[in-house]
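[1] Structure of the sequence below:
(12 chains)
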Number of protein chains: 12
Amino acid sequence: MTINIMEVIKAIELVGSSPQGFDAAVRHAIEEAKRTLRNIRRVEVLDFEVLMENDEIKMYQARVKLYFMVERG
Amino acid sequence: MTINIMEVIKAIELVGSSPQGFDAAVRHAIEEAKRTLRNIRRVEVLDFEVLMENDEIKMYQARVKLYFMVERG
Amino acid sequence: MTINIMEVIKAIELVGSSPQGFDAAVRHAIEEAKRTLRNIRRVEVLDFEVLMENDEIKMYQARVKLYFMVERG
Amino acid sequence: MTINIMEVIKAIELVGSSPQGFDAAVRHAIEEAKRTLRNIRRVEVLDFEVLMENDEIKMYQARVKLYFMVERG
Amino acid sequence: MTINIMEVIKAIELVGSSPQGFDAAVRHAIEEAKRTLRNIRRVEVLDFEVLMENDEIKMYQARVKLYFMVERG
Amino acid sequence: MTINIMEVIKAIELVGSSPQGFDAAVRHAIEEAKRTLRNIRRVEVLDFEVLMENDEIKMYQARVKLYFMVERG
Amino acid sequence: MTINIMEVIKAIELVGSSPQGFDAAVRHAIEEAKRTLRNIRRVEVLDFEVLMENDEIKMYQARVKLYFMVERG
Amino acid sequence: MTINIMEVIKAIELVGSSPQGFDAAVRHAIEEAKRTLRNIRRVEVLDFEVLMENDEIKMYQARVKLYFMVERG
Amino acid sequence: MTINIMEVIKAIELVGSSPQGFDAAVRHAIEEAKRTLRNIRRVEVLDFEVLMENDEIKMYQARVKLYFMVERG
Amino acid sequence: MTINIMEVIKAIELVGSSPQGFDAAVRHAIEEAKRTLRNIRRVEVLDFEVLMENDEIKMYQARVKLYFMVERG
Amino acid sequence: MTINIMEVIKAIELVGSSPQGFDAAVRHAIEEAKRTLRNIRRVEVLDFEVLMENDEIKMYQARVKLYFMVERG
Amino acid sequence: MTINIMEVIKAIELVGSSPQGFDAAVRHAIEEAKRTLRNIRRVEVLDFEVLMENDEIKMYQARVKLYFMVERG
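    Presented below is the predicted three-dimensional model:
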């Protein structure tokens, strides 16, 4: 990882969901973020949750913070 | 609440103000957010503050985190 | 408040809701708890949330911890 | 999710275990809770642990908080 | 707000009470502080509590931190 | 400690009191819990407090979380 | 405990020391506070430390927060 | 500081870097933010880090939260 | 688990990595620790991260705290 | 540092400011405290902030906790 | 306490146990640490636990962080 | 930064001191760590303190966590 002196990193918070499990929920948040962001460096997991519906597991959720490099025009 | 598998939720942090009280400060942050965002699901109160001016209460403030669904074009 | 040496206090966590505001959400949790518990001493507010529906405020929520005296048979 | 004004939600804390992994440990806690509770809405993961025995992984553990609707008789 | 270079701000912690609600409990702490302090700038709410007596709400309490300018003689 | 795969552990929070000191306050909470619970595994101390009356120490208090095995009928 | 509507409680933080143990360190902080304060209601233990000298235990320390009623002249 | 009733403040999180030290890392994050934002009011330092390369200090980093006024068109 | 009165437990913090997922990252940290430590009792997960490279997931990381019995010579 | 058995330490919280940087803001809080206090032992930095005015850095601020020995008359 | 400019302090985390109480559990962790370390300066208590066996108190445990001076060869 | 699949990172906690300021205190902890460790990757600042002597600043202190790659023999 080359560190550019003028680089600034921004952090955003997303919640990803998956019916398959927590790892997949994190991956889903990253996949969605990549639709609009480039240069994601690091993704912190803030917490995990399970959503229930009719007393069955409906969705695994991961709240994550993504750090990405701010690009200049 | 129907949970779409492909749904990703984003969180942003705002500070709302009102001279009337804490509930109104939260509502004001939500009102302002609705000017540019749709599909707000949940609003967490992070903390409350009172701003003083000449030793009188000037404004009640609420720092909130809003969770809203990211829409696809 | 007379403190009985043999007294033990138990804490439980509830989430109260109200369309009117945060104070009412706390009161609602207490009202509900009183249906099954006696001797509630103290109620801590853990956090506040607002639930949205169709981008309108649907409900104010308060997560609270209630401390009540455990009674002996 | 229809929010009933009179609804109160209760939270309890469980530790689920599984020799298979963290997701399974969370599912096990939910399965056990469903033996006595209905209307579980949301399950927060508080933390994960691994128990060792003779320096081998014996069990994955998940400490979770379950939120369920309190029913009236 | 003009910021004086030599200004130092001090913080103190109070608990205000009111039978009316949380906003009033915060206001009461500020009113009391103003009896002996000048130049209060900001009041952070640390947490809210409800005190019960005979299973009725007796008092709303707010634990607050007040920041005020230290004056020189 | 034999770990049963199907075992689920539940946590509850109590406040124990004693005029003698903090260790005794923890022991009192455990003694009281044993009147209704079996298979307590571990007791975490969450915090300690002293209650005063007429400016004398009235009671040492310990807020604890008890983890016990959920039994099946 | 009679709760006076106009009552405001103030909190201060002290560190008490004792060569005998943690309970004594808390008591020492309370004894010292009583030299200048009246109407202490509650004392929270924030944390405990041991100070060493020449690799021997020199002193047990308790950092405490004392809540006392503010009196009016 | 004149507080406009209708004002809403937004918070974003950035990581600034500098080979010179922590103060410069904070200043760098602010400089970068000013390229796209106006009306920054307050910048909280969340934490500091040092990045190493070949066991030499490569960069001082500051994770900051910037609060700025949301403007209306 | 037989608890020896003279037993002292030490805790160390490691970061394990795996391209496969979070469970594997935890297992990898444990495997590495077992190369030099015996009698590991418990492993707490402190947090999870994902490292990205060229906007692809490069590695799942788990920061863990391992508790192991200190042996005497 | 000689530890007197009867010594009690008090903690107060100040916010120091400086246009020069964070170290100077801490020093300024200490200088101000020394105008009225003796026997300051230790100063913890609680957090750092930057105040902006017209989008320029106006002041570096440090919130600190000072521990000082309580003297007897 | 003479502070040597070149001094660096290291922190380690231990869990001490005793059947007698929390103070003794802390002392036990210190005694064990002294078998291999010199120049321990300060010991922070991180938390206390009680281990149960057959629903009886088996052991008081204290998780502590020890700070000691790193010596040079 | 090439990430080796088999790499495990260890974290240790040090307190560095300097009479010059907080940045220098962090650098001093790193310099000391480099006497015995290689492959330090990242250094987190946990907190800053100032030690006083005769009411003068004696030393700036930084408590840091160093992350370094564990090497295999």
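
[2] Whichever strand or helix holds A:A25 - what's its average pLDDT?
    Using DSSP states H and E, A:A25 sits within helix A:22-34. Taken as a whole, helix A:22-34 carries a mean pLDDT of 96.

[3] Ok, stretch A:52-60 next?
    Confidence for stretch A:52-60, expressed as mean pLDDT, is 96.

[4] now it, how far from the centre of its chain.
    On the basis of C-alpha atoms, centre = their mean, to the nearest Å, stretch A:52-60 is displaced by 22 Å from the centre of the chain it belongs to.

[5] any residues touching it, and which ones?
    Here stretch A:52-60 makes contact (C-beta atoms under 8 Å, 6 or more residues apart in numbering or on different chains) with A:17-22, A:24-25, A:48-51, B:3, B:5, D:23, D:27, D:30, D:34, D:38-43. Placement of C-beta: from N, CA and C, glycine included.

[6] Buried residues, the helix holding A:A25. List them.
    A:22-30, A:32-33 (16 or more other C-beta atoms under 10 Å in any protein chain shown).

[7] Among these, which pair sits farthest apart?
    Farthest pair in these (C-beta to C-beta) is A:F22 and A:A33. Separation: 17.0 Å.

[8] now the strands: where do they sit in chain A?
    Remark: strands assigned in chain A by DSSP state E are A:9-18, A:40-53, A:56-69.

[9] now the ones you listed as JSON lines including mean neighbour count?
    Shown next, in JSON lines, are the strands of chain A (neighbours: other C-beta atoms under 10 Å in any protein chain shown):
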{"stretch": "strand A:9-18", "mean neighbour count": "21"}
{"stretch": "strand A:40-53", "mean neighbour count": "20"}
{"stretch": "strand A:56-69", "mean neighbour count": "20"}
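
[10] phi, psi of the residue lying farthest from the centre of chain A?
    Ranked by distance from the centre of chain A (C-alpha atoms, centre = their mean), the top residue is A:N54, with 27.6 Å. Dihedral pair for A:N54: phi 50, psi 40, per degrees, to the nearest 10.

[11] What's the separation between it and chain E?
    The spacing between A:N54 and chain E, counted by C-beta to the nearest C-beta, to the nearest Å, is 34 Å.

[12] if I look at that residue, how far off is C:E31?
    According to C-beta to C-beta, to the nearest Å, A:N54 and C:E31 sit 28 Å apart.

[13] likewise A:Q20?
    As for A:Q20, its distance to C:E31 is 41 Å (criterion: C-beta to C-beta).

[14] Pick out the residue of chain A closest to chain G.
    Residue nearest to chain G within chain A (C-beta to the nearest C-beta): A:D47, separated by 25.6 Å.

[15] Against chain E, which of the buried residues of helix A:22-34 make the cut? List them.
    Counting by C-beta under 8 Å from any C-beta of the partner chain, nothing from these sits close to chain E.

[16] Dump the residues you listed to a markdown table, plus distance to chain L.
    Putting the buried residues of helix A:22-34 into a markdown table (distance: C-beta to the nearest C-beta, whole Å) gives the following:
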| residue | distance to chain L |
| --- | --- |
| A:F22 | 21 |
| A:D23 | 17 |
| A:A24 | 21 |
| A:A25 | 23 |
| A:V26 | 18 |
| A:R27 | 18 |
| A:H28 | 23 |
| A:A29 | 21 |
| A:I30 | 17 |
| A:E32 | 24 |
| A:A33 | 20 |
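
[17] where does chain A come near chain I, residue by residue?
    With C-beta under 8 Å from any C-beta as the criterion, chain A meets chain I at residues A:22-23, A:26-27, A:30, A:34, A:38-45.

[18] how about 10 Å then?
    Neighbours of chain I within chain A, by C-beta under 10 Å from any C-beta of the partner chain: A:1, A:21-24, A:26-27, A:29-31, A:33-34, A:37-48, A:62, A:64-68.

[19] helices or strands next to the helix holding A:A25 in the packing?
    Judged by 3 or more C-beta pairs under 10 Å, 6 or more residues apart in numbering or on different chains; DSSP states H and E, helix A:22-34 is in contact with strand A:9-18, strand A:40-53, strand A:56-69, strand B:9-18, helix D:22-34, helix I:22-34, strand I:40-53, strand I:56-69.

[20] Now do A:D47 against chain L, distance only.
    20 Å.

[21] circling back: please convert the helices and strands packed on helix A:22-34 to a markdown table, extending it with distance to D:K58.
    Output for the helices and strands packed on helix A:22-34, formatted as a markdown table (distance: least, C-beta to C-beta, whole Å):
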| stretch | distance to D:K58 |
| --- | --- |
| strand A:9-18 | 28 |
| strand A:40-53 | 22 |
| strand A:56-69 | 24 |
| strand B:9-18 | 36 |
| helix D:22-34 | 12 |
| helix I:22-34 | 11 |
| strand I:40-53 | 10 |
| strand I:56-69 | 14 |
